[in-house]
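**Q** Okay, here's the prediction I keep looking at, along with the sequence it came from:
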Amino acid sequence: MRDRGVETRYARALMLAAREAGELDGVAESFVGVVAALGQNPALVAFLEGPQVAHDEKTALVRQLFTGRVEATLLHFLLLLIDKNRVQHVADIQREFAAMVEESQGLSRATVVTAVPLPEDLERDLAARLEKLTGRRLLLTKTVDPSVLGGVRVTMGDRVIDGTVRTNLDKLRAQLFRTNVR
């Protein structure tokens, strides 16, 4: 099992530094772009993680690539990851950081699964009800899965509200098999 302590510590440090610099939203947006760029360039990641490459070469390349393109706070953070040999954790740190930013802004993520796309009015109604239930603003991710047959399944963190036809049929089937018929 992976220790998430590294990601949490570094994400928290970036959060505090970005907030103090007044760059929280910009850093959050730029960090997504940096991770996407690294994900699209495995050779760059190998270069930055490689022990055979001198530290000064790594920092020079990061400065060349990102100076003027990302906030100073994020640039310094990326250089810190190189200094501490933590580049391999950058994507996990970014995910943890994004979650912390959303939390600080009173946002939560929810995944909504339906058999067919929801009409806009039902989607707005569902979002409003979920926001009232949680007391938070929600960022909805919608997924269509015909196997649920009908209804809605909502996942928010470790909480699941499952009102799908598939789940109800499965419960009914299990109940029928448990019932002794004589």
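**A** Received, thanks.

**Q** Outline the domain layout of this structure.
**A** 5-103, 107-178 (automatic domain parsing).

**Q** Those domains: lowest mean pLDDT?
**A** Of all the domains of the chain, the minimum mean pLDDT falls on domain 107-178 (a mean of 91).

**Q** Can you measure across that domain, start residue to end residue?
**A** End-to-end distance for domain 107-178, by Cα to Cα, to the nearest Å: 42 Å.

**Q** ok, back up a step: same list, the domains of the chain, but as JSON lines with mean neighbour count please.
**A** For glycine as for every other residue, the C-beta is placed from the backbone atoms N, C-alpha and C. Converted to JSON lines, those look like this (neighbours: other Cβ atoms under 10 Å):
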{"stretch": "domain 5-103", "mean neighbour count": "16"}
{"stretch": "domain 107-178", "mean neighbour count": "13"}
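
**Q** excluding its backbone neighbours, what's nearest the residue nearest the centre of the chain?
**A** Centroid check for the chain by Cα atoms, centre = their mean gives residue 95 as the closest residue, at 4.6 Å. Leaving aside its sequence neighbours, residue 95 sits nearest to residue 7 (Cβ to Cβ, 6 or more residues apart in numbering; 7.6 Å).

**Q** Isn't the one you found up against residue 96?
**A** Yes. The criterion here is Cβ atoms under 8 Å, and residue 7 meets it with residue 96 at 4.5 Å.

**Q** which residues pair with residue 108 across the strands?
**A** For residue 108, the beta-bridge partners are residue 138 (DSSP bridges).

**Q** What are the boundaries of the strands in the chain?
**A** Using DSSP state E, the strands assigned to the chain run over residues 107-114, 137-144, 152-156, 159-162.

**Q** Report the angle between the second one and strand 107-114.
**A** Pointing back at strand 137-144 there. Strand 137-144 and strand 107-114 are oriented at 20 degrees to each other (axes from the mean of the first three to the mean of the last three Cα atoms, to 10 degrees).
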